[in-house]
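Asker: Compute the structure for the input listed below.
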Amino acid sequence: MQSNQEPGADSTFATTPPLFGAPAHKPPAPEPKRIRRTSDSPVSVEAIFEVTNEQKRSLLPLTTATLLIVYTELVRRRMWDCGFADGKGGHRRLALRHLVQPATDGWNCVAGAIELANAWAFRRSEIPETLSEGYEFSLETRLRLAVCLCVAWKFQRATYSHFTRDFPTAEPSLLGPHTHELARVGYFFMTEPDQDRFGAWSVENVEAIRGLYDEMVAMEADLLKDVPVFTLLTSNPQVQTEDRAADLLARRVISADCATALRSLVPLFIYCTTGAQESACPGSLVCAALLALSVTSNPRAMADYNPEMYGAEFSVQERRTAWRLLRSALYPDKMGAYIIELACYGHDRWENYAFVAPENLRVALVMAAAVA
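Answerer: Numbering: from 1, shown residues only. Just a heads-up that it's a prediction; the model follows:
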């Protein structure tokens with residue numbers, strides 16, 4: 001169920017709740033700060049041992065939450081700018097209205113990072129066959145997740161970063177002072193014990209920071225070399241929902257306002273079904289979101305409820321899956337509820353909260369059953 005917690009003053013409506021706690025197992029002895037780790041090199045022979053799809057599926061809730069938490073924190077601190085400038089000194093009105101919240105993933109950065117992570121970030125030696133209740137990713141895995149998030153961000157937003165330039169280069173250079181952005185994002189993926197062992201993010205610890213940066217650049221090169229980055233970032237289900245919505249808009253089945261609002265709801269259904277056995281297809285995600293936007297008892301409904309339209313636009317399987325998606329949002333599992341608390345979806349100050357509120361989802365669920 002959506003949280004009734006009063007939103008805070010921050011634009012993300014919530015303070016990032018803690019996810020990265022102390023590791024469940026005893027941490028290894030601290031390594032020297034200035035010596036680059038060699039046991040888990042990005043080109044290590046360990047990389048050839050693949051994690052099974054079943055394991056990746058079981059890891060997906062934790063992968064999603066981990067990436068979303070750090071992404072939200074970076075946006076909240078204004079280190080990354082996820083706004084929608086129109087190139088004329090203004091902003092894209094509909095996108096800004098519906099998609100500016102980090103959890104809506106308006107630039108598909110988190111969705112893309114998840115795809116990259118499943119293709120590259122996991123190593124069999126770091127993932128147990130059976131996951132314990134309090135399982136947490138190793139530091140090496142979390143640094144690879146940081147690389148995936150950075151690559152997805154740079155692909156979508158290029159230079160819309162605002163990290164401070166704190167570190168002078170060794171020699172006079174036009175590149176300095178340096179942000180060491182990639183390492184900074186990796187630092188955000190560290191637990192507090194990890195950060196204590198690594199040292200502070202400060203000029204006094206610059207050698208360790210440069211070592212981490214060099215290591216992560218090598219990881220980034222490995223990712224770009226071995227993974228079909230463009231395909232994974234442009235053809236994942238969340239991106240494909242935009243194509244389905246654009247087609248409905250082009251044929252005037254829905255309005256531009258409805259299409260953009262629809263896209264803002266899609267991540268909720270993705271987050272609430274990360275623990276499911278199968279991923280939802282784009283058509284079912286669009287169908288579920290459109291049903292939520294079409295509840296006739298909602299004074300803000302953005303589309304007409306037309307059963308014939310659903311039969312014409314969506315397959316039987318898509319309509320049936322849409323029912324399951326709506327139910328998962330109404331009755332989220334533990335991880336889904338956690339992400340709702342983290343995200344805008346549980347806060348009534350968010351622009352489209354009326355469409356994800358429990359009372360609206362209950363009616364949408366009945367409507368979904370009627371068209372299934």
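
Asker: just checking, Ala256 touches Leu249?
Answerer: Yes - look at Ala256 against Leu249 with Cβ atoms under 8 Å: they come within range, at 6.1 Å. The way it works is simple: take the backbone N, C-alpha and C, and place the C-beta from them, glycine included.

Asker: of these two, who's got more company?
Answerer: When Ala256 and Leu249 are compared for neighbours, Leu249 comes out ahead with 17 against 11, by other Cβ atoms under 10 Å.

Asker: nearest spatial neighbour of the more buried one, skipping sequence neighbours?
Answerer: Among residues not flanking Leu249 along the chain, Ala259 sits closest, at 4.5 Å (Cβ to Cβ, 6 or more residues apart in numbering).

Asker: Also Tyr213?
Answerer: With Cβ to Cβ, 6+ apart as the criterion, Tyr213 has its nearest non-adjacent residue at 3.8 Å, and that residue is Ala183.

Asker: For the stretch 251-372 of the chain, which residues score under the pLDDT cut-off?
Answerer: With pLDDT under 70 as the threshold, the stretch 251-372 of the chain has no low-confidence stretch at all.

Asker: Could you pull out the helices in it for me?
Answerer: With DSSP state H, counting those that start in this stretch as the definition, the stretch 251-372 of the chain shows helices at residue ranges 256-271, 282-292, 307-313, 316-330, 334-342, 353-356, 358-371.

Asker: from the ones you listed, which stretch is densest packed?
Answerer: Per-stretch averages of neighbours, counted by mean count of other Cβ atoms under 10 Å, single out helix 282-292 among the helices of the stretch 251-372 of the chain, with a mean of 28.

Asker: show me what contacts the residue positioned nearest the centre of the chain?
Answerer: Per Cα atoms, centre = their mean, the C-alpha nearest to the average position across the chain is that of Val110, at 2.8 Å. Residues in contact with Val110 (Cβ atoms under 8 Å, 6 or more residues apart in numbering) are Thr64, Leu67, Leu68, Tyr71, Leu149, Ala152, Pro267.

Asker: which among those gets closest to Gly87?
Answerer: When those are compared for distance to Gly87, the smallest value, 22.3 Å, is given by Ala152; criterion: Cβ to Cβ.

Asker: for the stretch 101-250 of the chain, which spans come out with low pLDDT?
Answerer: 172-176.

Asker: how does it look with 80?
Answerer: Counting by pLDDT under 80, the stretch 101-250 of the chain contains low-confidence residues at 168-176.

Asker: hang on, the earlier thing: the contacts of Val110 in strands, which ones?
Answerer: Among the contacts of Val110, none falls in strands (DSSP state E).

Asker: From Cys148, how far out is the residue nearest to Leu249?
Answerer: Here Ala259 is placed at a distance of 28 Å from Cys148 (Cβ to Cβ, to the nearest Å).

Asker: is it true that the residue nearest to Leu249 touches Arg251?
Answerer: No - look at Ala259 against Arg251 with Cβ under 8 Å: they stay out of range, at 11.3 Å.

Asker: my guess is Tyr310 meets Val371, correct?
Answerer: Yes - in this structure Tyr310 lies within contact range of Val371 using Cβ under 8 Å: 4.3 Å.

Asker: so what sits against both of these two?
Answerer: If you check Tyr310 and Val371 against Cβ under 8 Å, 6+ apart, the residues they both contact are Leu291, Arg319.

Asker: domain parsing for the chain?
Answerer: Under the assignment automatic domain parsing, the domains of the chain span 45-233, 236-371.

Asker: from those domains, which stretch is densest packed?
Answerer: Stretch with highest mean neighbour count among these: domain 236-371 (a mean of 20; mean count of other Cβ under 10 Å).

Asker: ok, which stretches of the protein are strands?
Answerer: The residue ranges that make up strands in the chain, judged by DSSP E, are empty, as it has none.

Asker: Can you spell out which helices and strands pack onto the lengthiest helix in it?
Answerer: Of all the segments assigned as helix in the chain under DSSP state H, the longest by residue count is helix 53-76. The contact analysis (3 or more Cβ pairs under 8 Å, 6 or more residues apart in numbering; DSSP states H and E) places helix 53-76 against helix 109-120, helix 139-157, helix 181-188, helix 256-271, helix 334-342.

Asker: Please name every helix or strand in contact with the shortest one.
Answerer: It refers to helix 181-188. helix 53-76, helix 139-157, helix 206-226.

Asker: make it 10 Å
Answerer: Helices and strands in packing contact with helix 181-188 are listed as helix 53-76, helix 139-157, helix 192-198, helix 206-226; criterion 3 or more Cβ pairs under 10 Å, 6 or more residues apart in numbering; DSSP states H and E.

Asker: And for the second one?
Answerer: The contact analysis (3+ Cβ pairs under 10 Å, 6+ apart) places helix 139-157 against helix 53-76, helix 109-120, helix 181-188, helix 192-198, helix 206-226, helix 229-234.

Asker: tilt between the longest one and helix 334-342?
Answerer: Pointing back at helix 53-76 there. Orientation check (axes from the mean of the first three to the mean of the last three Cα atoms, to 10 degrees): helix 53-76 against helix 334-342 gives 10 degrees.

Asker: Run through the residues that contact the residue nearest to Tyr213.
Answerer: Applying Cβ atoms under 10 Å, 6 or more residues apart in numbering to Ala183 gives the contacts 143, 146, 150, 167, 198, 201, 208-217.

Asker: my guess is Val363 contacts Ala354, does it?
Answerer: No - using Cβ atoms under 10 Å as the test, Val363 is too far from Ala354 to be in contact (11.7 Å).

Asker: residues shared between the contacts of the two?
Answerer: Going by Cβ under 10 Å, 6+ apart, residues that sit against Val363 and also against Ala354 are Ala292, Val295, Asn298.

Asker: ok, now which ones touch the last one?
Answerer: Yep, that's Asn298 we're talking about. With Cβ under 10 Å, 6+ apart, Asn298 has these contacts: Ala292, Ala354, Phe355, Ala357, Glu359, Asn360, Val363, Ala364.
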